[in-house]
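# okay, predicted coordinates and the sequence, questions at the end:
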Amino acid sequence: MFTSFFRSIGLARENESPENPGGLEKRVALIPSDVEKLVKAGCELAVESGAGERIGFWDSQYKEAGATIVEGEQVYKDRDLLIKLKGPSLQAIPLMHGGCTLFCMAHFDSYPDRANLLKKHKINVLAMEEIRECPKVIPDEIVLSKTAIQTKLNDETDLEPAETDVFVLGYNPRMVGGIRRLGNRNPKSLTLAQASRKSSLLTGSDSDTVVFFDSYDSLSSTLHKELQSFLGYKLDLSLFEKERGETEVIQYRETHPPYHFGMRRIQCLHETGRAGAGYGFRLLLEQSCKKKYPAETNVVVLGYGNVGMGAIEECYEQGAQEIRILGRTHTTAEKIIEHLQWADLVINGAEQPRELRGKNFLITRDQAREFLAPGSVVIDLVGGSASNRSPVENIIKCTFLTDPFFIEDEVYFSSLWGWPMMGFERESAIRYSSQITDILLGTEKLIRGLDHPSPGVEIAHVNRAKNINSSTGS
């Protein structure tokens, strides 16, 4: 049991707030089984009545876990630590005592007025979206496919990336590192195609073409025959793993010390990509004049990070026959035009540095108007606000469940704040709760307070209340 600095913890219901108009957010930041872990660690938990009922977690379950159920604004009062998934309403901030700590998705860049109000009331803020792995963690399967691409291309080819077409045949999670590594080489093109069909992509391909696949998965017999006669470079992940995979992974670990910081510790980035892509297909079929099913849809995905890979997986699982994956060199003003002209569905998963937001657009309003056909759909997974703009110029601010898409120049745009609410509500709440609990009780031991936070937590402390005794819950 910890001697807890954060002794009194409040778990607030997700009510109406700047990023939750209409109060339609159903999720809760902690589920009952994780609340029980905190209670056993010596914490007093006050849970706002109805906090989890919209996704099937009832007040009675929280009581059985050891929490006290409180009504409304009582959850904000006299707490050392207040936990929410999304930021609070402006009306809730004065209810918190000065020096307490608010742990939520703060998004200060998008909501500066709330940031200033929290500072005025001397509230410590830990931004969940800013907490990072420390050190960075790279799973073995990512290392395996990354080294497979790097090793095979270095050993067996003298290709110029800018002149090379790359085809990925089939998809499974083992291939993610390889897809990213291929994208980082800035090839002429990078296309993911279904492995269950005869691939027209290979017809007429020359010796400068690279095909990446995993024979661990079932490829169609027709495609096997095509690959046997294919003149370009074939990179089979399973064959590489069998021949030298274990040795290469060990060597990579020995020669590549992990970065100090890695990806977000509290995130549902993959689910965000999947939910956004799924909604894009629904818009295209149910709202757009194109009325296309996924197997008929030309899909373009910008970016191949964690969000982008979620979108790519969903597009593949839904049956899209070809998915063009665009990296930095493909999104220049000149090169992106051909992809926009080809696309029915464009999904942006590429995030830009803060200093470029609002100054550099990967898809401009003029490009969307001129090159996207009527009925095309643009899904932006990155989002933002008027003060923290999206890389898609048409999107001034995020959309919400109350009005999830808009039409401009006969093109459908959506940039939902909280994409996992589109079909992943309970799943993402469970995931978030597990991650939050792990940070409180696990390696970071945040439950001990902010006096000596781990480096990954320290960088997320975006608002510091100075000269305030924050241990008033004793």
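Structure received. Residues are numbered from 1 along each chain as shown.
# measure the residue most central in space within the chain to Glu129 for me?
Centroid-nearest residue in the chain: Leu269, 1.8 Å away (criterion: CA atoms, centre = their mean). Distance, Leu269 to Glu129, using CB to CB, to the nearest Å: 10 Å. All C-beta atoms are positioned from the backbone trio N, CA, C, and that covers glycine.
# cool, and Arg274?
Using CB to CB, Arg274 is found at 19 Å from Glu129.
# neighbour count winner among the two?
Taking other CB atoms under 10 Å, Arg274 and Glu129 do not tie; Arg274 has more neighbours (27 against 15).
# residue ranges in the stretch 301-450 of the chain under the pLDDT threshold?
The stretch 301-450 of the chain contains no residues with pLDDT under 70.
# which residue ranges of it form strands?
322-326, 345-348, 377-380, 406-408, 411-414 (DSSP state E, counting those that start in this stretch).
# with the stretch 101-250 of the chain instead?
Ranges of strands within the stretch 101-250 of the chain are 101-105, 124-127, 165-169, 189-193, 210-213, 233-236, based on DSSP E, counting those that start in this stretch.
# in CSV, list those along with mean pLDDT.
Output for those, formatted as CSV (pLDDT from 0 to 100):
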stretch, mean pLDDT
strand 101-105, 97
strand 124-127, 96
strand 165-169, 91
strand 189-193, 95
strand 210-213, 91
strand 233-236, 89
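# any idea how far the residue lying farthest from the centre of the chain lies from Glu370?
Each residue of the chain has a distance to the centre, and by CA atoms, centre = their mean the biggest one is for Ser229: 38.9 Å. Distance of Ser229 to Glu370, computed by CB to CB: 41 Å.
# again with Ala195
Ala195 is 35 Å from Glu370, by CB to CB.
# ok, now Glu271?
Glu271 is 34 Å from Glu370, by CB to CB.
# ok, now Cys289?
18 Å.
# now swap in Ser238 and tell me
Look at Ser238 and Glu370: by CB to CB, they are 44 Å apart.
# ok, those two, which is more surrounded?
Counted by other CB under 10 Å, Ser238 and Glu370 do not tie: Ser238 has more neighbours, with 15 against 12.
# check contacts around the residue nearest to the centre of the chain.
Leu269 makes contact with Met263, Gly305, Asn306, Val307, Gly310 under the criterion CB atoms under 8 Å, 6 or more residues apart in numbering.
# weed out the non-buried ones from those.
Buried by 16 or more other CB atoms under 10 Å: Gly305, Asn306, Val307, Gly310, out of the contacts of Leu269.
# does the last one touch Thr272 like I think?
This means Gly310. Yes: with contact defined as CB atoms under 8 Å, Gly310 and Thr272 form a contacting pair (6.1 Å).
# okay, now Trp419: neighbour count?
Count around Trp419 with other CB under 10 Å applied: 31.
# wait, it touches His270, no?
No: between Trp419 and His270 there is no contact under CB under 8 Å: 10.7 Å.
# spatially nearest residue to Ile447, not counting backbone neighbours?
Distances taken as CB to CB, 6 or more residues apart in numbering put Leu440 closest to Ile447, at 4.6 Å, once the chain neighbours are dropped.
# can you pull the contacts of the one you found?
With CB under 8 Å, 6+ apart, Leu440 has these contacts: Phe6, Leu38, Leu446, Ile447.
# and the helices in the stretch 1-150 of the chain?
For the stretch 1-150 of the chain, the helices defined by DSSP state H, counting those that start in this stretch cover 32-40, 59-64, 112-120, 140-156.
# who are the packing partners of the longest one?
Taking 3 or more CB pairs under 8 Å, 6 or more residues apart in numbering; DSSP states H and E as contact, the helices and strands that helix 140-156 lies on are helix 176-184, strand 233-236, helix 237-240, helix 246-255.
# so which other helices or strands are in contact with the third one?
Applying 3+ CB pairs under 8 Å, 6+ apart, we find helix 237-240 packed against helix 140-156.
# list of residues touching the helix it packs on?
Outside helix 140-156, the residues that touch it by CB under 8 Å, 6+ apart are 159, 173-182, 185, 210, 212, 233, 235, 237, 240-241, 244-245, 248-249, 252-253.
# for it, buried residues please.
In helix 140-156, counting by 16+ other CB under 10 Å, buried: 141-153.
# for stretch 244-258, same thing?
Buried, per 16+ other CB under 10 Å, within stretch 244-258: Gly245, Glu248, Val249, Tyr252.
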